[in-house]
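> test case, fold it:
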Amino acid sequence: MTNSPVTLNISDNGIATVSLNKPEKLNALDIEMFLAIKNTIKSLRKNRQIRVVILTGVGPDFCTGLDVKSVMSKPSSALKLLFKWLPGNSNLAQKVTSMWRELNVPVIAAIHGRCWGGGLQIALGADFRIAQLNSSLSIMESKWGLIPDMAGNTQIRKLMPIDVAMKLTMTAETLTADQALQYNLVTEVHDSALDRANELALKLIEKSPDVLAGVKKLFNQNWSRSDRTFFAKESWYQVKILAGKNQKIATRKALGKEAEYKARMHW
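Reported below is the predicted structural model:
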């Protein structure tokens, strides 16, 4: 097993599996882990052959949250996490969540064991969250006298009513997988989150990579904007897709003919 805090495996069909890899620390987040996640996402962003990303954790837990002792004991570590040039920019703590949304491919979080605090924030950066039956989830920051500040709140506000979001955030309540599903924190619950994530990934790579990128960008950037803006973006993205090679390939495949998709277009 590699000593890297994050491992990356890319299969021949373009499915990238990113694993948080500090099982001896329950995949708790220290500065080394934060930097490794950010750098891994940057490398994925440059690879237009990648079709889907699966995010998981090595060992019994997905991620138990911030390694409080490691981060809080060093003022320089806290500064590295929180520093930003402008208030509206993302800092390192926020990048490990927000950068997943910026990838032009679907990202699936396969959650097992504990997914607490910062771990849940990272999972909220994924497009889909599949929770294993044995998993537990918690917006746990208030337990440590903190508020969640890793960019997951922007996703939570789309998933649940404000009163429910405040209750879960203020109380640090621990949820079962089924409860998380009821609160819309996860997309599905399954006996094996990783198996289901791979199953979904295989289904997604049957579609044009340009369509997957276009849908993700259309929804993430325009979901709450005006109808007129949404209409304009729909039309523009459709024209862009029609001008690309993969739309013609998708038509051939739909007609039962052999064809392989090209690398996704630049978005």
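> tell me where the stretch 101-250 of the chain has strands.
With DSSP state E, counting those that start in this stretch applied, the stretch 101-250 of the chain shows strands at 107-111, 114-116, 128-132, 136-138, 175-176, 188-190, listed in chain order.
> closest to Pro23 out of these?
Among those, strand 114-116 comes nearest to Pro23, with 12.0 Å by Cβ to Cβ. Just so you know, the C-beta spots here come from the backbone N, C-alpha and C atoms, and that holds for glycine as well.
> can you put the strands of the stretch 101-250 of the chain in CSV and add distance to Ala93?
CSV is the format used below for the strands of the stretch 101-250 of the chain (distance: least, Cβ to Cβ, whole Å):
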stretch, distance to Ala93
strand 107-111, 18
strand 114-116, 15
strand 128-132, 20
strand 136-138, 18
strand 175-176, 23
strand 188-190, 27
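> domain ranges for the chain?
Annotated domains of the chain cover 6-204, 209-254 [automatic domain parsing].
> Throw these into a markdown table and include mean pLDDT, thanks.
Shown next, in a markdown table, are the domains of the chain (pLDDT from 0 to 100):
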| stretch | mean pLDDT |
| --- | --- |
| domain 6-204 | 94 |
| domain 209-254 | 97 |
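> so which of those is the most packed in?
Highest mean neighbour count of the domains of the chain: domain 6-204, a mean of 19 (counted as mean count of other Cβ atoms under 10 Å).
> quick check: end-to-end length of that domain?
24 Å (Cα to Cα, to the nearest Å).
> ok, stretch 85-103 next?
23 Å.
> now do the one helix or strand Thr251 maps to: which elements does it pack against?
Taking DSSP states H and E as the definition, Thr251 sits inside helix 245-254. Judged by 3 or more Cβ pairs under 8 Å, 6 or more residues apart in numbering; DSSP states H and E, the packing partners of helix 245-254 are helix 209-222.
> helices along the chain, start to end?
Under the criterion DSSP state H, helices of the chain are mapped to 31-45, 68-72, 75-82, 92-102, 118-124, 153-159, 162-171, 177-182, 193-204, 209-222, 227-242, 245-254.
> still on that earlier bit, can you lay out the domains of the chain as JSON lines showing distance to Met265?
Formatted as JSON lines, the domains of the chain follow (distance: least, Cβ to Cβ, whole Å):
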{"stretch": "domain 6-204", "distance to Met265": "8"}
{"stretch": "domain 209-254", "distance to Met265": "5"}
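> to Tyr261, which of the ones you listed lies closest?
domain 209-254 (5.3 Å).
> what about the closest one, start to end distance?
Start to finish, the residues bounding domain 209-254 are 15 Å apart (Cα to Cα).
> report the distance from that domain to the chain centre.
20 Å (Cα atoms, centre = their mean, to the nearest Å).
> what do you get for stretch 135-148?
18 Å.
> output that stretch as CSV, restricted to C-alpha atoms.
Output of stretch 135-148 as CSV, limited to C-alpha atoms (Å, rounded to 0.1, in the frame of the first residue of the first chain):
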residue,chain,number,x,y,z
SER,A,135,-22.4,4.4,7.3
SER,A,136,-23.1,7.3,9.5
LEU,A,137,-23.1,11.0,8.5
SER,A,138,-22.9,14.2,10.5
ILE,A,139,-22.4,17.9,10.1
MET,A,140,-20.2,17.7,13.2
GLU,A,141,-18.3,21.0,13.3
SER,A,142,-20.4,22.5,16.2
LYS,A,143,-19.2,19.7,18.5
TRP,A,144,-15.8,21.4,18.3
GLY,A,145,-17.1,24.9,18.6
LEU,A,146,-16.8,25.5,14.9
ILE,A,147,-19.1,26.2,11.9
PRO,A,148,-18.8,24.2,8.7
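> can you give the contact residues for that stretch?
62, 65-66, 68, 111-117, 120-121, 131, 149, 152, 156, 168-177, 180, 185-186, 193 (Cβ atoms under 8 Å, 6 or more residues apart in numbering).
> ok, back up a step: next, format the helices of the chain as CSV and append distance to Gly145.
Shown next, in CSV, are the helices of the chain (distance: least, Cβ to Cβ, whole Å):
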stretch, distance to Gly145
helix 31-45, 20
helix 68-72, 10
helix 75-82, 14
helix 92-102, 16
helix 118-124, 15
helix 153-159, 17
helix 162-171, 12
helix 177-182, 24
helix 193-204, 31
helix 209-222, 32
helix 227-242, 40
helix 245-254, 50
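> nothing else from me, thank you.
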